[in-house]
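**Q** Just need the structure, nothing else, for what follows:
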Amino acid sequence: MEILKVSSKSIPNSVAGAISSVVRESGAVEVQAVGAGAANQAIKAIAIARGYLAPLGIDLICIPAFANVTIGDEARTAIRLICEER
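**A** Below you'll find the predicted structure:
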C-alpha cells in the first residue's frame, strides 16, 4: 500500500488529488501525519478526496491507527489514516 506523508504545510487540495489518484489506481492508500497541524491537513484532504471520488461511485472510508516512526534520530508517534473504497 502506498504511503502519503502529510505535513502541517501540505496543501489539502493537492493531497486530496494524490489520495484520489492512488485510490482510483489501487483501491487504498495510507496517509501518515505527525503532529496536530499535519493531522488537521490530512483530515481536510480526506474530506476533499471523498468529494472528488463520490461522482465516480467510490465511497471513501478512513480507518485511523497509530504508527511509530523515526524522524532523524527521534522516535515519534504518527497518525495512520488508511483510506480505501467501501
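
**Q** Neighbours of the residue nearest to G51 when sequence neighbours are not counted, how many?
**A** Nearest residue to G51, sequence neighbours excluded (Cβ to Cβ, 6 or more residues apart in numbering): A16, at 8.0 Å. Heads up, the C-betas are built off the backbone N, CA and C, glycines and all. Using other Cβ atoms under 10 Å, the number of residues around A16 comes to 20.

**Q** One more: R86?
**A** That count, for R86 with other Cβ under 10 Å as the rule, works out to 6.

**Q** That one against I63, yeah?
**A** No - counting by Cβ atoms under 8 Å, I63 is not a contact partner of R86; they are 10.6 Å apart.

**Q** which residues do the two both contact?
**A** Counting by Cβ atoms under 8 Å, 6 or more residues apart in numbering, R86 and I63 have no contacts in common.

**Q** picking up where we left off before, which residues belonging to the strand or helix carrying the residue nearest to G51 are considered buried?
**A** For A16, the host element (DSSP states H and E) is helix 12-26. Residues of helix 12-26 classed as buried by neighbour count (16 or more other Cβ atoms under 10 Å): 12, 15-16, 18-20, 22-23.
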